[in-house]
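Participant: I would like to see how this sequence folds:
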Amino acid sequence: MGNIRTIELRDQEAFERFQDSLLSERESGNPFSRTEKVYDFRAFVEKAKRCETKTDHPDWSTYTTYYYFKYGEIAAKLSCRWQLEKGELARVGGHIGYATSPIFRRQGIMQELLTFAFERFREKGIQSVLITALADNHASRKLIEKVGGHLENIISIEDCDQLKIEKELARYWVQI
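Facilitator: Numbering: from 1, shown residues only. As a prediction, this is how the structure comes out:
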């Protein structure tokens, strides 16, 4: 079992290793990795804390990103978006976005993070959580189903500027 918490300035080295593992995977052709390089870690941490209560745009939801630390490394991250009614979240983004470092996959970490996140949603009075995955990301879809996700539909997202991809998206609801 790991330690789940938000990011802090003292996590910079672990964060950079986590980020590099995801960026390397994207560069090697993984179509599911959409990580962007963070150049100013201090500003990144400050924005993460600020976005828990205030956003930079009226169409964006407030959110909290939780990191799963294991052996001093960041194994995974999960973002909880608290306002589904903002922007495109109800259609394509969902309440939750997540990523796991390649070396920590298939260890049950994301299932543990999702269970943790469901408790945070429950605390905020949110009983139905929307989680989306690219339709051809079978590992992610299997995980969502394992934590109780029920497929609502699969939609085309070729017209979504936010994702900048032409694919189909599976939309799941989890009753917590």
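Participant: who are the packing partners of the one helix or strand in the chain whose mean pLDDT sits lowest?
Facilitator: For the chain, using mean pLDDT, DSSP states H and E, the weakest element among its helices and strands is helix 12-27, scoring a mean of 88. Where contact means 3 or more CB pairs under 8 Å, 6 or more residues apart in numbering; DSSP states H and E, helix 12-27 is packed against helix 41-50, strand 63-70, strand 73-81. All C-beta atoms are positioned from the backbone trio N, CA, C, and that covers glycine.
Participant: now do that helix: distance to the chain's middle.
Facilitator: Distance of helix 12-27 from its chain centroid, counting by CA atoms, centre = their mean, to the nearest Å, is 15 Å.
Participant: same thing with stretch 54-69?
Facilitator: So, by CA atoms, centre = their mean, the centroid of stretch 54-69 is 10 Å from its chain's centroid.
Participant: got the contact list for the residue lying closest to Ala90 once chain neighbours are set aside?
Facilitator: For Ala90, ignoring the flanking residues on the chain, the nearest one in space by CB to CB, 6 or more residues apart in numbering is Leu84 at 5.1 Å. By CB atoms under 8 Å, 6 or more residues apart in numbering, Leu84 lies in contact with Ser61, Ala90, Gly94, His95, Leu130.
Participant: what's the local residue count around the fourth one?
Facilitator: To tie it back to what came earlier, the one meant is His95. Burial of His95 is recorded as 25 neighbouring residues (other CB atoms under 10 Å).
Participant: surely it and Thr132 touch.
Facilitator: No. Between His95 and Thr132 there is no contact under CB atoms under 8 Å: 9.2 Å.
Participant: what are the ranges of the strands in the chain?
Facilitator: Using DSSP state E, the strands of the chain run over 3-5, 63-70, 73-81, 96-100, 128-134, 150-156, 168-175.
Participant: now these as CSV including distance to Gln12?
Facilitator: Converted to CSV, those look like this (distance: least, CB to CB, whole Å):
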stretch, distance to Gln12
strand 3-5, 15
strand 63-70, 12
strand 73-81, 11
strand 96-100, 18
strand 128-134, 29
strand 150-156, 38
strand 168-175, 33
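Participant: any chance of TSV for these, columns mean pLDDT?
Facilitator: Formatted as TSV, these follow (pLDDT from 0 to 100):
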stretch	mean pLDDT
strand 3-5	96
strand 63-70	97
strand 73-81	97
strand 96-100	95
strand 128-134	95
strand 150-156	95
strand 168-175	96
